[in-house]
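> for reference, the sequence and a predicted model appear below.
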Amino acid sequence: MSVVPDQLKDNELAPEDMRAECTIHTGCWLYTYRKYTDFTLVSNDGTEFPVHRAILGPQSGYFEELFMSDQKEIQVDRKVQLDETADDVDMMVASLYKSTFQPLAGPNASRETQLRLLNENLSMLRIAKKYKIPGLKKRASGAALRMFPQLKELADQFHFMVKAMLPETGLEEGMLPWESLRESIEDFREEHDGEDIGTMITAISEVCRDADVAGGVGTYVLTKALLYPTEYE
C-alpha cells in the first residue's frame, strides 16, 4: 500500500489552490506530487511512503548514513523498513518536506484533545531523537510546550519545588518519574495546608499527571522544558 496523491496517480494537475500553496517552497510541491522519488520508507504495517534522498538526507543524520550504506535492500530495492506506525511515518515525512509541525490545541480544547495532540508531538520528539532530526526535535518540543500555556507560567515555581524536593524523595534530576513527584507534591500541599500556594500546587500537580499519562517521552520533554528551559529558547 503506497501513500501517493490521487493527482499523481491520474497524471492530472493539482487544483489551482493546491498548486499555489505548494509554490511556497519546493519541499511542499514534492511532498504533494511525490515525483522523481528515489527511496521508499515502509511503516510497520507495510504502508509505503515514496521520498527523496535530497530532502531527507540533509535533515536526518540517520537517513543520510542509511542512504549511503552498502546494504542490498537499500541500494537495490531502494526501500527502508521502519519500526513505526504509518501515522507516525506520515507525520515525520510531512514535517521534513514542509518544515512545519501541525498538531496543536487551542486554548479551549478539551483535556482529551490536548493529551491526544500532545502525544502526537511526543511521538515526533521520540522519532526526531531516534532518526537524528534536530529540526523536527525543535519543532515538536516547541509545539508540545505551546499546548500547555501554564507550563511557562509555572516554570520558575516548578523549578524551585523540584529542586527542593529532590533530596527528600531520592529522585534524580535527569529523568524524573512524574507520578512519584506528583505524590510528593500532594504530600507537600497537605503539610502546608492554609498557605497561599494552593493554585500553584494544583496546577503543577496536573502537569505532572499529564506527563505521567504521556509516558516516558512526556517525562523527557517536560523535564527538559521545565528544568532546562533555555535549551528550547
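Looks like it arrived, so ask away. Residues are numbered from 1 along each chain as shown.

> can you list the weak-confidence ranges in the protein?
1-29, 31-34, 71-76, 100-116, 118-119, 144-233 (pLDDT under 70).

> what do you get if the cut-off is 80, keeping everything else the same?
Counting by pLDDT under 80, the chain contains low-confidence residues at 1-36, 69-77, 99-123, 125-126, 138-233.

> from what I can see residue 86 touches residue 41, true?
No: when contacts are counted by C-beta atoms under 8 Å, residue 86 is not listed as touching residue 41 (10.0 Å). Every C-beta, even on glycine, is put in place using the N, C-alpha and C of the backbone.

> compare those two (neighbour count), which wins?
The neighbour comparison of residue 86 against residue 41 (other C-beta atoms under 10 Å) goes to residue 41, with 22 against 19.

> check contacts around the more buried one.
When contacts are counted by C-beta atoms under 8 Å, 6 or more residues apart in numbering, residue 41 touches 48-49, 51, 79-80, 82, 89, 93.

> what bridges to it?
Residue 41 has these beta-bridge partners by DSSP bridges: residue 49, residue 80.

> need the three-state assignment for residue 84.
Secondary structure, DSSP: H, G, I helix; E, B strand; the rest coil: residue 84 is coil.

> list the contacts of the residue lying closest to residue 83 once chain neighbours are set aside.
Nearest non-adjacent residue to residue 83, counting by C-beta to C-beta, 6 or more residues apart in numbering: residue 44, 5.5 Å away. Residue 44 sits next to 82-86 when contact means C-beta under 8 Å, 6+ apart.

> among those residues, which ones are buried?
Buried members of the contacts of residue 44, scored by 16 or more other C-beta atoms under 10 Å, are 82, 84, 86.

> and the two most separated of the contacts of residue 44?
83 and 86 (12.0 Å; C-beta to C-beta).

> circling back: out of the contacts of residue 41, what pair is the most spread apart?
79 and 93 (14.4 Å).

> these two - which one has more neighbours?
Taking neighbours as other C-beta under 10 Å, residue 79 and residue 93 compare with residue 93 leading, 19 against 12.

> ok, back up a step: can you add distance to residue 131 and give the contacts of residue 41 back as a markdown table?
What follows is the contacts of residue 41, written out as a markdown table (distance: C-beta to C-beta, whole Å):
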| residue | distance to residue 131 |
| --- | --- |
| 48 | 17 |
| 49 | 13 |
| 51 | 12 |
| 79 | 16 |
| 80 | 10 |
| 82 | 9 |
| 89 | 10 |
| 93 | 11 |
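
> now, which of those sits nearest residue 36?
residue 51 (10.8 Å).

> thought residue 39 was touching that closest one, still the case?
Yes: counting by C-beta under 8 Å, residue 51 does reach residue 39; the two are 5.4 Å apart.

> okay, those two: which has more neighbours?
residue 51 (24 against 19).

> for residue 117, see how far away that one is.
25 Å (C-beta to C-beta, to the nearest Å).

> do the same with residue 82
Taking C-beta to C-beta, one finds residue 82 at 22 Å from residue 117.

> how about residue 89?
From residue 89 to residue 117 the distance is 18 Å (C-beta to C-beta).

> how about residue 129?
From residue 129 over to residue 117 (counting by C-beta to C-beta), the distance is 19 Å.

> quick revisit: and the residue nearest to residue 83, helix, strand or coil?
Applying three-state DSSP: residue 44 is coil.

> now it. Its backbone dihedrals?
phi -70, psi -10 (degrees, to the nearest 10).

> the nearest residue to residue 63 once chain neighbours are set aside: which element?
In this structure, residue 63 finds its nearest non-sequential neighbour in residue 56, 4.4 Å apart by C-beta to C-beta, 6+ apart. Secondary structure from DSSP states H and E places residue 56 in helix 53-56.
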